[in-house]
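Enquirer: Task: produce atomic coordinates for the following.
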Amino acid sequence: MFRRIAILCLTLLAVPLAHAQLSIEITGSGGQRIPIAVVGFAGEGALPASISQIVRADLERSGLFRGLELPPLSPSPTESSPVNYPEWRSRLADALVLGSVAQRSDGRYEVRFKLFDTVKQQDLSGIAYTMSKEQTRATAHRIADFVYQKLIGERGVFSTRIAYVVKRGNRYELQIADADGAGEETALASFEPIISPAWSPDGKRLAYVSFEQKRPVVYVHSLLDGKRQVVANFKGSNSAPAWSPDGKTLAVCLSREGGSQIFTVNPDGSGVRRLTVSSAIDTEPRYSPDGQWIYFTSDRGGSPQIYRMSASGSEPQRVTFEGSYNVTPRLSPDGKMLAYITRNDGKFQVALLDLANRQTQIITDSDRDESPSFSPNGRTILLATVIAGRGVLSAVSADGRFKQRLSAASGADVREPAWGPFIE
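Expert: Reported below is the predicted structural model:
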């Protein structure tokens, strides 16, 4: 795992691509969850998907909500209906979502909803959205984000996107999808492996490495127009790109001066600057959220461990001390936690290190975990797991209590997940 980071071979394809939408299976129930009733929106049958069902599924996937099974109500209440709070409490609902869908004269649809706290008997407000049929899922995700933020007090991630690599036969595809695995699109396709996609902070670009020039080259790929920019195309290996928080710099691993070392470079390929100077393998750089530090993997101490240095390249400090194999550092969005892959009794699992008190917790129970990636709100970690020789994506809450598995159709191999930023 440690040495494969610098390897990528990629050849672009111009052929139709099959869909590989991820299916989600909840494998761990977590702790106490808020019981919520999301009543079918009046008029949503005119849409290609049920908004209320998507909202409920989003909330349940967070591990913090339990959607209530309700018999059909006649007439179906809407956001403007009077709320009988004692009745909803008798149905064990702590929160209630009511809404409606109406077609406008211009052919678009108006979606209205309100959120109610049935315990405090309060109207927690709502929003009206105007949308086309094609925006049904995006609108449902926005509603789920609203409900999540009102009840949990932090931003939801249902409107964000994820990137991952799917392998079917001898073809690899870099896919981008909604956080629930729907709406997938292929950004890149290849007959050779694709690894290490990295989102820009604005969510408009992906950095990755290709071998289409018969050697590894770092590219930045615009998701708006599909155009690409060569970032690092030097002698030897060019790999492991990672964005600075301001999007103005990439940290990369280059061997152009001998050995595997950490450099920084501008997204247009200019301004190359070496940061580490050692005879060891230094790789997998990652900026801290405040941009002051770069965390990376190195075997300079005799075994792969995680180190950090200032973003300008100070003397590295060792970060991990438990175990003989710790790689792939990933910082939480608030910079307080470090997720990484550790070898534990022969298994490769995700560990979480509290950088303040130095306490470490292993939060997965699988055998071969790879590529952890925090959600933008820090609540969940997306990762790849190898099961029966096939890669699947998994998600685990940061406390390790809630788990789910995301599998591609047709037995495809899914790897290299990267969770995108909040969409403003």
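Enquirer: what bits of the protein have low per-residue confidence?
Expert: Of all residues in the chain, those with pLDDT under 70 make up the ranges 1-21, 23-31, 409-410.
Enquirer: So which residues of it form helices?
Expert: Here the chain has its helices, by DSSP state H, at 51-61, 85-90, 136-152.
Enquirer: Could you look over the ones you listed and pick the most buried one?
Expert: Most buried of those, by mean neighbour count (mean count of other C-beta atoms under 10 Å): helix 51-61, with a mean of 23. The C-beta positions use only the backbone N, C-alpha and C, and glycine is treated the same way.
Enquirer: which other residues reach it?
Expert: Contacts with helix 51-61, where a contact means C-beta atoms under 8 Å, 6 or more residues apart in numbering, come from 24, 26, 36, 38-41, 44, 65-67, 97, 99, 101, 111, 136-137, 139-141, 143-144, 147-148, 156, 158, 180, 395, 404.
Enquirer: Any idea how far apart the tips of stretch 322-337 sit?
Expert: Using C-alpha to C-alpha, to the nearest Å, one end of stretch 322-337 lies 16 Å from the other.
Enquirer: Relative to the whole chain's centre, how far out is that stretch?
Expert: 16 Å (C-alpha atoms, centre = their mean, to the nearest Å).
Enquirer: Likewise for stretch 349-360?
Expert: Distance, centroid of stretch 349-360 to centroid of chain: 20 Å (C-alpha atoms, centre = their mean).
Enquirer: CA atoms only for it, dumped as CSV, please.
Expert: This file holds the C-alpha atoms of stretch 349-360, laid out as CSV (Å, rounded to 0.1, in the frame of the first residue of the first chain):
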residue,chain,number,x,y,z
GLN,A,349,-7.9,-0.4,9.7
VAL,A,350,-8.9,3.3,10.1
ALA,A,351,-7.6,4.9,13.3
LEU,A,352,-8.5,8.3,14.7
LEU,A,353,-6.0,10.3,16.7
ASP,A,354,-7.1,13.2,18.9
LEU,A,355,-4.3,15.7,18.3
ALA,A,356,-4.9,17.5,21.6
ASN,A,357,-4.9,14.6,24.1
ARG,A,358,-3.1,12.1,21.9
GLN,A,359,-5.8,9.4,22.4
THR,A,360,-6.2,6.9,19.5
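Enquirer: Val414: which of the helices of the chain is closest?
Expert: helix 51-61 (17.1 Å; C-beta to C-beta).
Enquirer: so can I have CSV of the helices of the chain showing distance to Thr78?
Expert: Shown next, in CSV, are those (distance: least, C-beta to C-beta, whole Å):
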stretch, distance to Thr78
helix 51-61, 11
helix 85-90, 15
helix 136-152, 14
